[in-house]
Structure formats: structure tokens, C-alpha cells
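Engineer: structure, please.
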Amino acid sequence: IYTVEGYQTVPNGWSKRLSSFRARNALFEVVYRMREYQYGPRPVRFFILKNDAEHKLGTTPLPDGLVRVFRDSGRDGLSFLGSQTIAYVPIKDSMELNVGTDDNVVREIKAMAVSRSNFSYRYDRHRGMELVTGWDGKRIIRDEMRNYSARPIRMEIRRILPGDVEIDAESVELIDYRTFQYAFDIEPRGKIDFQYSYVEHLGSNAKQNEIRLR
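Structural biologist: Below you'll find the predicted structure:
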């Protein structure tokens, strides 16, 4: 059962959203996520808050509601960072607040080389010639992440590659059969150059629709 202090007037047939509580100086983790299929072409900043007394957030579960995030402007005021609707958050569970993109964090991805190999053929009796039925396409990828801010950041990048794919890289983990992820800590005003390659089996060379790590 939740209670809200003070008195409120709600006209008949109307509804009203009430402020449940305010948490000042709550401790949280900042994570930047790059998921183009989900958030668009730029890294998105998330605040990860844990609902417990240690992180100065609360001592009770949080009901469904709207969370607004502000930052001290340094001029006896607050600047608005964003808002997000959340579902029920139990004690000691975490919630993730999407506070949008940040111009101080830049990510660029480039294909450094593209090649084809391992061709498969089938003889066509009607044409009197061999036809290509399958091949392997290889790409070498360079992923550059730059942090122009004055604080270290955590960057998580998640990509989807459909088809029969083999990835040759360190620091990569599989999320599901077509999604992989890699993450790095980037120093203030620093950058990370991460290079990896993958082979996509196409045509008759494709055996199964999944990603495999070499």
C-alpha cells in the first residue's frame, strides 16, 4: 500500500498523477549503449539505478510510474535530463533510465576490407557450364569509440548479423543466435580502436542460421 502526503483535489471522473517521492544524490552507474536496431545510429546514455538504501533510492518497492531525472545546474537550480515510464521495481532490483544521446561520445564503424572465397559450383547440363551456387564473404571491421568528456565511460555495442556467420574476435560474447556484443571502458578524452572480422556463408555454403565464435 502506498500513501502520498498532503491533500489533493480530484474532480469526479478525472485522474491525477501524484508525486510519490524524491531521491537526492542517488548513486547510479552510467552506461552508453550502441544498438542501432533499437535506439538509432548514435550511442545512447543510460542511468542504472538500484532500488535499495545503499544507493540512496528507497527502502520499498517502486510502483509503476513516471521517473524524472534532473541535474544540479550549479546556479541554484536544476536542469532537466529526461523522463521515462517504469514498471514495478522490487527492492534491490535495478531500473534503467534512457536519458538520450550525448555529443561527447562518438562511435564510427568502417569496413576495412571485403573479400570472397571458397566458391561452390554446380554443373548445369542445359547451359553446358558450371554455375556458382555458394561462396564465403569476409569483412574486416574497425570500430572506433571516442570519449570527449572529462570522465571515464562504459560503452556497450550490440550488433545483429543474420545468416550463417563466423566471427573471429576477442572480447565478444553472444547474446542470442544472431546477436553479439562487445564492451569497453574508455578513459576521459580517450578512444578505443577495436578490430574484428567475420565470414558469412552464402548460398549453398550456408548450413545454419546462427552466429558462431571462432
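
Engineer: and the spatially most central residue of the chain, how far from V99?
Structural biologist: Within the chain, one residue has its C-alpha closest to the average C-alpha position: by Cα atoms, centre = their mean, that is R33, at 3.4 Å. Distance of R33 to V99, computed by Cβ to Cβ, to the nearest Å: 11 Å. (Each C-beta comes from the backbone N, C-alpha and C, glycine too.)

Engineer: toward the C-terminus, what is the element adjacent to the helix or strand hosting Q84?
Structural biologist: When elements are assigned from DSSP states H and E, Q84 belongs to strand 78-86. Later in the chain than strand 78-86, the nearest helix or strand by DSSP H and E is strand 94-101.

Engineer: got a list of what the nearest residue to T60 once chain neighbours are set aside touches?
Structural biologist: Once flanking residues are discounted, T60 sits nearest to I91: 6.9 Å by Cβ to Cβ, 6 or more residues apart in numbering. Contacts of I91 were listed using Cβ atoms under 8 Å, 6 or more residues apart in numbering, and they are 51-52, 58-61.

Engineer: what's the answer for H201, then?
Structural biologist: 134, 136, 163-166, 207.

Engineer: which one of those is nearest R154?
Structural biologist: Distances from the contacts of H201 to R154 were compared by Cβ to Cβ; the smallest belongs to V165, at 26.1 Å.

Engineer: measure that closest one to N118 for me?
Structural biologist: Applying Cβ to Cβ to V165 and N118 gives a distance of 14 Å.

Engineer: which of the two has more neighbours?
Structural biologist: Taking other Cβ atoms under 10 Å, V165 and N118 do not tie; V165 has more neighbours (20 against 13).

Engineer: what residues do R33 and V99 have in common as contacts?
Structural biologist: Common contact partners of R33 and V99 (Cβ under 8 Å, 6+ apart): F46.

Engineer: strands paired with whichever strand or helix holds I167, and their directions?
Structural biologist: Using DSSP H and E, I167 sits in strand 164-168. According to DSSP bridges, strand 164-168 forms sheet pairs with strand 191-203 (antiparallel), strand 211-213 (parallel).

Engineer: pull out the buried residues from that strand.
Structural biologist: 164-167 (16 or more other Cβ atoms under 10 Å).

Engineer: from the residues you listed, pick the one nearest V106.
Structural biologist: I167 (24.0 Å).

Engineer: measure the closest one to N205 for me?
Structural biologist: Remark: distance between I167 and N205 (Cβ to Cβ) = 16 Å.

Engineer: same deal with M145?
Structural biologist: Between M145 and N205 the computed distance is 33 Å (Cβ to Cβ).

Engineer: ok, the two, which is more surrounded?
Structural biologist: Under the criterion of other Cβ under 10 Å, the comparison of M145 against N205 puts M145 first, with 22 against 17.

Engineer: contacts for the lowest-mean-pLDDT helix or strand in the chain?
Structural biologist: Sorting the helices and strands of the chain by mean pLDDT, DSSP states H and E puts strand 65-72 at the bottom, at a mean of 82. Under the criterion Cβ under 8 Å, 6+ apart, residues 17, 20, 47, 78-86, 95, 97, 99 lie in contact with strand 65-72.
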